[in-house]
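Colleague: Could you look at this predicted model? Sequence included:
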Amino acid sequence: MLLPWLKIAYPACLTVAASVVGASIFACSSSGGTPPVGAGGAPGAGGTSDGGSSVGGTTSDGGTTSDGGTTSDGGGPSGGSGAVVGTFRVQGAKLFDRCNQEVVLRGINEMIVWSSGKDGDPEFSEIAKTGANVVRIVWNEEGSAAELDVAIQNALAQNLIPLIEHHGATGDLTKLPAAVDYWVSPDVVSVIKKHEASLLLNIANEAGDGDVDSVAFQAAYQTTITRLRETGLILPLIIDAPGWGQNINVVQECWQGLVAHDPEHNLLFSVHMWWNDPNGIRLTQEITQATTAGMPLIVGEFAQHAVSGCSAEPFAYSILLDQAQKAGIGWLAWSWGGVENADCADDGSFDMTVGGVFGTWKEPWGQEVAVTHAASIQNTSVRPASIVTGQCP
């Protein structure tokens, strides 16, 4: 942007499904999911988790269920004999964790770098109450490597996948190299490698305005991918669409070329649906097109309406939740509200909560996306066991 019921995924040989009314356990003889072999400002939303495995705990009044896993005393996932060396990987259009379990992202954005502590405390613990499995950590050069390290650790302590992004190139492709300069600095690379097994890297927020075409976009990101991979990083890289994140057509034209360029073939592509789409016609068409093409797509930002016209340009977020759930596409809503949004502040706020506190819903859309819609975060998010326990069951 400019400026649960909790479920845990386990291998296919042990699938446990939970709901708010009860739980069913299914044993299967499969040896597991298909192992992945690699592939690849403005704001960004869940459903019933078809086939999503989970461990159901007792439901608390706070609206979350026990995750059944343990964490280390340091707050992050604990190690152990079941730990596996590796990272998240993209295979075809799907994201898998290091235990070869498919992960469908369900989460929320928060502007952590502009928060008082820059550490996600207490924001991450409040976001975790929704049952989210990921948090997009808005960041830039104002945050040091040491501060980034703490923010990542605090996200992991809440069983949230840290999706870190640099917000400094918003709307300007010429600023992409400067964002990459931050990521490739030795101290930041050290932090990323420390957490690489559990991390996703969104290179630059919405780099490029409405004039950027696919040729310029592909050229800029090929250079970017090369620079990042030369540091030895192998984790998934997330590339936002240009046009302030909204021009999905450019990404559709060049995503295959970028995946081919990446020596790890480990890319995800993100569109920010700040569209005037009151009936969900465009979003449905674009999701269908991406799915048909096999494009590894997530919706990195969205809310209840566009940025440009605020409430005069509504967005059918509830249809997005349904369509994304049907297609198995990940999404992150914009934004939690611990740091207040300036855009449309008095005309349909993008803040989901008041002050970033779970349950203090500022706008109806925030509550629907987080907990009440049939395809909300709370009803569809599945936390991978690799994040919750640090082990592969």
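Modeller: That came through fine.

Colleague: Please make it C-alpha for all contacts and neighbour counts, starting now.
Modeller: OK.

Colleague: now stretch 304-315: how far from the chain's centre is it?
Modeller: Offset of stretch 304-315 from its chain centre (Cα atoms, centre = their mean, to the nearest Å): 22 Å.

Colleague: Number the residues from 83 up from this point.
Modeller: Sure thing, new numbering starts at 83, so read that last one as stretch 386-397.

Colleague: list the buried ones in that stretch?
Modeller: Within stretch 386-397, the residues that qualify as buried are 386-389, 392-393, 395-397, counting by 16 or more other Cα atoms under 10 Å.

Colleague: so can I have TSV of the residues you listed showing distance to residue 430?
Modeller: Below are those laid out as TSV (distance: Cα to Cα, whole Å):
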residue	distance to residue 430
386	8
387	8
388	10
389	10
392	7
393	6
395	11
396	10
397	12
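
Colleague: quick one: which of the residues you listed is nearest residue 378?
Modeller: residue 397 (22.6 Å; Cα to Cα).

Colleague: which element follows the helix or strand bottoming out on mean pLDDT in the chain toward the C-terminus?
Modeller: The least trusted helix or strand in the chain, going by mean pLDDT, DSSP states H and E, turns out to be strand 105-109, with a mean of 27. Sequence-wise, the next helix or strand downstream of strand 105-109 (DSSP states H and E) is strand 171-173.

Colleague: I'd like to know which elements that next one is packed against.
Modeller: Contacts defined by 3 or more Cα pairs under 8 Å, 6 or more residues apart in numbering; DSSP states H and E place strand 171-173 against strand 176-178.

Colleague: Contacts for the strand it packs on, please.
Modeller: 118, 170-172, 184-186, 378 (Cα atoms under 8 Å, 6 or more residues apart in numbering).

Colleague: Poorly predicted segments of the stretch 83-232 of the chain, please.
Modeller: The model of the stretch 83-232 of the chain has pLDDT under 70 over residues 83-167.

Colleague: I'd guessed residue 423 sits against residue 432; true?
Modeller: Yes. Using Cα atoms under 8 Å, residue 423 is in contact with residue 432, at 6.3 Å.

Colleague: what about these two, which has more around it?
Modeller: Counted by other Cα atoms under 10 Å, residue 423 and residue 432 do not tie: residue 432 has more neighbours, with 32 against 20.

Colleague: So what's the residue count around residue 200?
Modeller: Residue 200: 21 surrounding residues under other Cα under 10 Å.

Colleague: ignore the last one, residue 471
Modeller: Using other Cα under 10 Å, residue 471 has 24 other residues around it.

Colleague: Next: residue 399.
Modeller: Residues near residue 399, counting by other Cα under 10 Å: 25.

Colleague: Tell me if I'm right that it and residue 381 touch.
Modeller: No. Using Cα under 8 Å as the test, residue 399 is too far from residue 381 to be in contact (11.2 Å).

Colleague: any shared contact partners between residue 423 and residue 432?
Modeller: By Cα under 8 Å, 6+ apart, residue 423 and residue 432 have these common neighbours: residue 417.

Colleague: which stretches of the protein form helices?
Modeller: 205-210, 227-239, 258-266, 268-277, 296-311, 330-343, 363-375, 399-409, 446-449, 459-462, 467-470 (DSSP state H).

Colleague: Determine the set of other helices and strands touching the last one.
Modeller: The helices and strands touching helix 467-470, judged by 3+ Cα pairs under 8 Å, 6+ apart, are strand 90-91.

Colleague: likewise the first one?
Modeller: Of the remaining helices and strands, none touches helix 205-210 by 3+ Cα pairs under 8 Å, 6+ apart.

Colleague: That's all I had, so thanks and see you.
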